[in-house]
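> no FASTA, just this:
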Ligand SMILES: [Zn+2]
């Protein structure tokens, strides 16, 4: 190593979170990736591998795999080298990496939730610091690695009215007055939002005994219809029974009549901005988010639900499921890069698809620290004074203004995801 040349590109060993909802053993993409990176690792066949945290979050700070570097973790290294974030990022985010990059493997649904905007996050944190641990917003982006299923945003009103007609048990927890308000709302978006809010608030405030009775009746009816081979799509039967099996008696089982079911194919994304109700149901994805833990839950959870905050904050704007798919855009300066650039400043994700015909590729230098995950392919990565072999599951930290030359040895090209902050 040449004296004075700093090591600014290095591999990370990332933290696995074994939450109970994760896919089990080698069914989990998280487990497959860590095994790809380190074939000596032992995957426990009965243990959930839910999340891989690729970042500097205090609850899961990635370990640095480079014996020339004295700091053990990425967070400790960035604290000593804040310029590595890039001048704008360092200034805007007070010397912190502004995003957390993850892989998620979802076997059992995560809670239906929404995240406050910055203004509300500040207010909630001041009022209830135990429940809302920081002042930051928490925009999130999920990019499917395998076919991925989630709930996102309110359905078009005609779909919700259809369920009110087809599912009398759902109608019963909403009540006649609110249901009629929605049925009679026409055209005017303010009127529609007000009616939607009224219906949703009625359901969330429904007396526990009433909704449990109605839910039990609904589940019994749909189970009988399914057993008789009848079509239960009018009651969203398949999803209802699946979620009821995972969370019996949970109000979230009715939330499926309000929210869009979004099915993503690999490479497709969902962006979850402030106040957008959502849940991850099944599948493997890349996730990038702003650094925050502020979550307001709405169901499919044994945890506390802050009903009043939830019903006040939500984005009651109905839209079809197809509009919930967030498009990636080909980078004008690099035909192999597709950008997922959400309308927030905290992060951008790049999908880099290097075709099999290309054997030398440069991961370009940008004015932001970034984290690179290899999903497919093998290469020797060169960023003097660093040289490192990367393969499926490898995770690299790349300081701002550093490029990495890849000498690709795999025959089927490479697929990489890179998280950064383009200000
Ligand atoms: Zn969320």
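In hand now; what should we look at? Remember, it's a predicted structure, so these values are computed and weren't measured experimentally.

> Report whether the expected contact of residue 102 with residue 286 is present.
Yes: between residue 102 and residue 286 there is a contact under CB atoms under 8 Å: 7.2 Å. All C-beta spots, glycine's among them, are computed from the backbone N, C-alpha and C.

> Just confirm residue 281 contacts residue 151, I think it does.
Yes: at 6.6 Å, residue 281 counts as touching residue 151 under the criterion of CB under 8 Å.

> Next, show the common contact partners of the two.
residue 261 (CB atoms under 8 Å, 6 or more residues apart in numbering).

> So between the two, which is more surrounded?
Neighbour totals were compared for residue 281 and residue 151, and residue 151 leads with 30 against 23 (other CB atoms under 10 Å).

> Residue numbers of the protein in contact with the ion?
The chain has residues 113, 140 near the ion, with proximity defined as CB under 5 Å from the ion.

> show me where pLDDT drops low in the chain?
Within the chain, the ranges that satisfy pLDDT under 70 run 1-4.

> Give the other helices and strands that the helix or strand harbouring residue 103 contacts.
Take DSSP states H and E as the rule and residue 103 turns out to sit in strand 99-106. Applying 3 or more CB pairs under 8 Å, 6 or more residues apart in numbering; DSSP states H and E, we find strand 99-106 packed against helix 29-37, strand 51-54, strand 278-290, strand 370-376, strand 414-420.

> how about stretch 311-331: buried residues?
Neighbour-count burial for stretch 311-331, counted by 16 or more other CB atoms under 10 Å, picks out 311, 313, 314, 315, 316, 318, 321, 324, 325, 326, 328, 331.

> May I ask you to confirm that the fourth one is in contact with residue 153?
Translated: residue 315. Yes: with contact defined as CB under 8 Å, residue 315 counts as touching residue 153 (7.2 Å).

> residues shared between the contacts of these two?
Common neighbours of residue 315 and residue 153, using CB under 8 Å, 6+ apart, are 276, 277.

> And the top helix by length along the chain, how far out from the chain middle?
Taking DSSP state H as the criterion, the chain has its longest helix at helix 208-227. On the basis of CA atoms, centre = their mean, to the nearest Å, the separation between the geometric centre of helix 208-227 and that of its chain is 31 Å.

> which residues are contacting it?
167, 169-170, 172-173, 203, 232, 235, 237-238, 240-241, 244, 249, 251, 253-254.

> Can you name the secondary structure element that comes next after that helix?
Assignment by DSSP H and E places the next element after helix 208-227 at helix 237-246.

> next structured bit after that next one?
Next along from helix 237-246, by DSSP H and E: helix 252-255.

> Give me the residues contacting that following helix.
109, 111-112, 151, 170, 173, 203, 211, 215, 218-219, 240, 243-244, 247, 277, 279, 298-301.
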